[in-house]
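# Take a look and give me a structure for this.
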Amino acid sequence: MAKVALFLIDGFEETEALTTVDILRRGEVDVTTVSLTGNERVTGKHSVPVVADALFGDVKDRTFDMLVIPGGTIAYTDHAGLLELVKRYDGERKPLAAICAAPAVFGKAGILKGRRAVCYPGMESWLTGASVGTEIVETDGHVTTAKGPAVTPFFALRLLELLRGRDIAEQVAEAFLIPLVR
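Have a look, this model is predicted:
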């Protein structure tokens, strides 16, 4: 079973985090929600409390098939451990994904040079070294980025397709009554 770490920090965008977890789990992906706050309880941007499955210190040395960062805040860019982990996964060419404000982490980590990437409109200056893409979800090599809350199902389905294949992603998309995007 594919294993994913999805990171949460106070101010995360609830739609982007929870919809992604839901779609990936429907596709039988083992998702571990990881708190970056030092506390399992994390509060979203719109005051929705979530209890994470694990703390960063407990999983930083575990192996995952993909790292996922929902948006909502650029506070993720201040977490040195997350930046280090992103750089390591990039060096190993392991799948990385971020949506909305979170691609700023990839920009700060210096992994976007020569890649297409997207983010929440108006935050493009954070995509250091990237060529700003035009699609709602962009996958360039092992890095996937997406624009924001409204495109979350398409983002999550793209991740599911990368992890489990097109057939599984199509089955989950059909149940959600939405198409896959290319």
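# tell me the contacts of D22?
Residues in contact with D22 (C-beta atoms under 8 Å, 6 or more residues apart in numbering) are A156. Where you see a C-beta, it was placed from the backbone N, CA and C, and this is true even at glycine.
# in what helix or strand does it lie?
Using DSSP states H and E, D22 sits within helix 14-26.
# I'd like the next helix or strand past that helix.
strand 30-35.
# what's that following strand in contact with?
So strand 30-35 is in contact with 1-9, 17, 21, 24-25, 41-42, 50, 52-56, 59, 64, going by C-beta under 8 Å, 6+ apart.
# quick one: which of those sit in helices?
Using DSSP state H, the members of the contacts of strand 30-35 that fall in helices are 17, 21, 24-25, 56, 59.
# Neighbour count, distance to T134 and pLDDT added to these, as TSV?
TSV is the format used below for the ones in helices among the contacts of strand 30-35 (neighbours: other C-beta atoms under 10 Å; distance: C-beta to C-beta, whole Å; pLDDT from 0 to 100):
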residue	neighbour count	distance to T134	pLDDT
A17	28	25	99
V21	22	28	99
L24	24	26	99
R25	14	30	99
F56	20	34	99
V59	18	35	96
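# from the residues you listed, which single one is nearest K113?
Distance to K113 across the ones in helices among the contacts of strand 30-35 (C-beta to C-beta) is lowest for F56, with 26.0 Å.
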